[in-house]
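Asks: Got a predicted model here, sequence first, then my questions.
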Amino acid sequence: MLSPDQIINQMMEKDSFSKWLGIKIEDIQKGSCILSLTVKKEMLNGFDIAHGGTCYSLADSALAFAANSHGKKAVSIETSISHTNKVLCGDKLTAHTKELNKTSKIGLYSIEITNQEKLTVAQFKGTVLFSDKNWN
């Protein structure tokens, strides 16, 4: 069986979007991970703050990496996000993933996104479906 690091490295090799966003893997364990990115000008919306998709995409990648770290291929089936504070150009965002519940088929995860001042800027919740396919 592959380690969480080996699985996530395989996923990142093919994940052009996460690479384009500049996502960095800070830590990976079975069922959890910490990811980060720095907000670029291209990620801002018309209000000169980060587009909501920036936090969403960071959290979505964190969800995928945490769930797949168990060794079974998993995909999201339901997600939601609450944006709690504005995000500015240059902010370093960090996504902390927590596994709330896991069965052989379904996993429930919470992802908190903070900025460089440890201020929570978004809360994300995601449910994944585990397949019978292993990472190898």
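Replies: In hand now; what should we look at?

Asks: hang on, residue 85 packs against residue 117?
Replies: No: shown here, residue 85 and residue 117 do not form a contact pair, counting by CB atoms under 8 Å, at 9.8 Å. C-betas here are computed from N, CA, C, even on glycine.

Asks: Contact partners for the residue positioned nearest the centre of the chain?
Replies: A centroid search over the chain (CA atoms, centre = their mean) returns residue 62, at 1.8 Å, as the residue closest to the centre. With contact taken as CB atoms under 8 Å, 6 or more residues apart in numbering, residue 62 is in contact with 33-35, 95-97, 111, 124.

Asks: let's go with 7 Å and repeat that
Replies: Residues near residue 62 by CB atoms under 7 Å, 6 or more residues apart in numbering: 33, 35, 95, 97, 111.

Asks: now residue 101
Replies: Residue 101 neighbours (CB under 7 Å, 6+ apart): 107-108.

Asks: Please tell me how far the helix or strand harbouring it is from the chain's geometric centre.
Replies: Under the criterion of DSSP states H and E, residue 101 resides in strand 92-102. On the basis of CA atoms, centre = their mean, to the nearest Å, strand 92-102 sits 7 Å off its chain's mean C-alpha point.

Asks: that older thread, and residue 85 and residue 117? Which one has more around it.
Replies: Comparing residue 85 with residue 117 by neighbour count (other CB atoms under 10 Å), the higher total belongs to residue 85, at 15 against 9.

Asks: The longest strand along the chain - contacts with which helices or strands?
Replies: Identified as the longest strand of the chain according to DSSP state E is strand 120-134. Applying 3 or more CB pairs under 7 Å, 6 or more residues apart in numbering; DSSP states H and E, we find strand 120-134 packed against helix 52-68, strand 72-83, strand 106-114.

Asks: Deepest in the core, which of those is it.
Replies: The highest mean neighbour count among the helices and strands packed on strand 120-134, using mean count of other CB atoms under 10 Å, belongs to helix 52-68: a mean of 23.
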